[in-house]
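Engineer: Next input, structure requested:
(one chain, ligands or ions: 1)
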Amino acid sequence: MSDLIAQLEELSAEAAAALATTQTTAESEAWYHEYLGRKGRMTAVLRGLGQLSPEQRPQVGKRANEIKQVLEQALAEHQEQIAADEMARVLAAEGIDVTMPGRRPQVGKLHPTNQAMRDIVHIFNQMGFQVFDSPEVETDDMNFGLLNFPLDHPAREMQDTFFTTTPDVILRTHTSPGQIHAMRKYAPEPIRVVLPGKCYRNEDVTARSEMMFYQVEGLAIGHNITFSDLKGTLLNFANQMYGEGRKIRFRKSYFPFTEPSVEVDVDCILCGGAGCRICKYTGWLEILGAGMVHPVVLRNGGYDPAIYSGFAFGMGIERQAMLKRGVDDIRLFYSNDVRFLERV
Ligand code: PHE
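Structural biologist: Modelled structure (predicted):
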């Protein structure tokens with residue numbers, strides 16, 4: 001019996017040494033067949049079991065199983081190492097460095113104007129304003145006359161107009177003509193609408209003005225709508241758009257289609273009102289124009305100003321995006337520089 005165990009121990013030592021010299025998966029598999037396979041050398045040694053007494057057999061069998069387990073474990077570890085070495089060799093041959101950072105796939109995203117437009121529209125949607133679509137190409141009357149701009153009034157020159165070859169047909173200079181469309185569609189029902197869209201002005205293109213830009217118009221008409229409603233609506237907008245706790249301020253202004261008219265500022269989101277470069281050391285940023293709908297405009301829209309009142313506001317969308325994201329040149333929005341479009 002001790003003879004058989006000695007043979008097993010010797011075989012085990014030889015097998016372990018042989019395993020260490022195998023260098024490929026194929027070699028390691030050949031090793032298995034040679035030592036541990038059904039026709040292998042271990043099996044051959046264990047043939048000697050037949051000569052042992054029934055009491056001795058289990059002892060030798062036990063030791064044989066232990067050796068087999070140890071060798072199988074060693075084989076598994078060795079094969080793992082071989083696989084890793086083989087992979088490293090293949091990668092080195094192909095010049096692949098798996099530790100190199102991957103290439104980020106190009107993923108499209110919303111244009112900054114569209115992002116801001118969606119943010120703005122969403123805020124007003126929550127306050128019950130519905131989106132109303134109105135045309136970019138308008139008549140002179142819609143863009144000016146019905147909004148109470150007197151003919152040849154200098155206010156028209158505040159908004160340099162693009163004309164078309166068709167008399168009286170122009171590109172809208174603001175979204176306010178949409179007020180007339182919305183009122184004429186719904187009068188005498190109360191309305192609460194926002195009108196996002198493109199506007200055009202024949203201006204020199206500078207860091208502050210583009211000849212094509214976007215606005216969102218807002219309009220609410222009903223019974224007993226007051227200036228406080230306008231104030232509350234815009235304060236809520238400013239808090240949602242620029243952060244909770246933001247303050248707003250109203251400055252008297254003039255638009256032909258609102259009376260009274262105001263320009264609305266938000267306290268500077270950068271310095272919180274202390275004064276900085278962005279707010280030109282005033283502590284305030286202008287965000288929009290607004291006012292109570294002028295009685296003449298109400299009448300032009302089909303509402304009796306003795307019964308109905310309303311407020312309106314209009315804001316430049318790029319301007320909101322610029323303030324919110326610290327962009328200082330409006331031309332970036334439409335110059336198709338991917339670095340800008342991806343960053344903002
Ligand atoms: N239409 C005005 C502009 O373009 C903004 C405005 C809209 C002001 C509605 C008052 C009410 O400057």
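
Engineer: can we go C-alpha only for contacts and neighbour counts from here?
Structural biologist: Will do.

Engineer: show me what contacts the residue of the stretch 101-250 of the chain found nearest the ligand?
Structural biologist: Closest to the ligand within the stretch 101-250 of the chain is residue 174: 4.7 Å, counting by CA to the nearest ligand atom. By CA atoms under 8 Å, 6 or more residues apart in numbering, the contact set of residue 174 is 143, 199-200, 215.

Engineer: any idea how far stretch 279-289 is from the chain center?
Structural biologist: 27 Å (CA atoms, centre = their mean, to the nearest Å).

Engineer: and that stretch, how far apart are its ends?
Structural biologist: Terminal residues of stretch 279-289 lie 17 Å apart, using CA to CA, to the nearest Å.

Engineer: List the buried residues in that stretch.
Structural biologist: 279, 283-289 (16 or more other CA atoms under 10 Å).

Engineer: so what's the backbone phi/psi at the residue most central in space within the chain?
Structural biologist: Computing the C-alpha centroid of the chain and ranking residues by CA atoms, centre = their mean puts residue 109 first, at 6.4 Å. Note on residue 109: backbone dihedrals following degrees, to the nearest 10 are phi -150, psi 170.

Engineer: Look up the closest residue to it, ignoring the ones flanking it.
Structural biologist: Closest residue to residue 109 apart from its sequence neighbours, by CA to CA, 6 or more residues apart in numbering: residue 342 at 7.5 Å.

Engineer: As PDB, could you dump the C-alpha coordinates of the helix or strand where that neighbour lies?
Structural biologist: In this structure, residue 342 sits in helix 338-343 according to DSSP states H and E. The C-alpha trace of helix 338-343 is given here as PDB (Å, rounded to 0.1, in the frame of the first residue of the first chain):
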ATOM      1  CA  VAL A 338     -20.600  72.900 -32.300                       C
ATOM      2  CA  ARG A 339     -18.300  73.700 -29.400                       C
ATOM      3  CA  PHE A 340     -20.900  76.300 -28.200                       C
ATOM      4  CA  LEU A 341     -23.900  74.200 -29.100                       C
ATOM      5  CA  GLU A 342     -22.600  71.300 -27.000                       C
ATOM      6  CA  ARG A 343     -21.500  73.400 -24.000                       C
END
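
Engineer: How far off centre is that helix?
Structural biologist: The chain centre lies 12 Å from the centre of helix 338-343; the measure is CA atoms, centre = their mean.

Engineer: If you count neighbours, what's buried in that helix?
Structural biologist: Counting neighbours by 16+ other CA under 10 Å, the buried set in helix 338-343 is residue 341.

Engineer: now for that helix, which elements pack on it?
Structural biologist: For helix 338-343, there is no helix or strand it packs on, judged by 3 or more CA pairs under 8 Å, 6 or more residues apart in numbering; DSSP states H and E.

Engineer: And the strands in the stretch 51-200 of the chain, which stretches?
Structural biologist: 130-131, 137-139, 169-171, 191-200 (DSSP state E, counting those that start in this stretch).

Engineer: the helices in the stretch 201-344 of the chain, which residues?
Structural biologist: Assigned by DSSP state H, counting those that start in this stretch, the helices in the stretch 201-344 of the chain fall at 227-242, 295-301, 317-325, 338-343.

Engineer: and residue 84, which of those is closest to it?
Structural biologist: helix 338-343 (40.0 Å; CA to CA).

Engineer: what mean pLDDT would you report for the closest one?
Structural biologist: The average pLDDT within helix 338-343 is 89.

Engineer: what do you get for stretch 9-24?
Structural biologist: The model assigns stretch 9-24 a mean pLDDT of 92.

Engineer: so where's the stretch 101-250 of the chain shaky on pLDDT?
Structural biologist: 155, 157-159 (pLDDT under 70).

Engineer: Quick one: name the residues of it near the ligand.
Structural biologist: 174, 176 (CA under 6 Å from any ligand atom).

Engineer: hang on, residue 60 packs against residue 5?
Structural biologist: Yes. Counting by CA atoms under 8 Å, residue 60 touches residue 5, with 6.3 Å between them.
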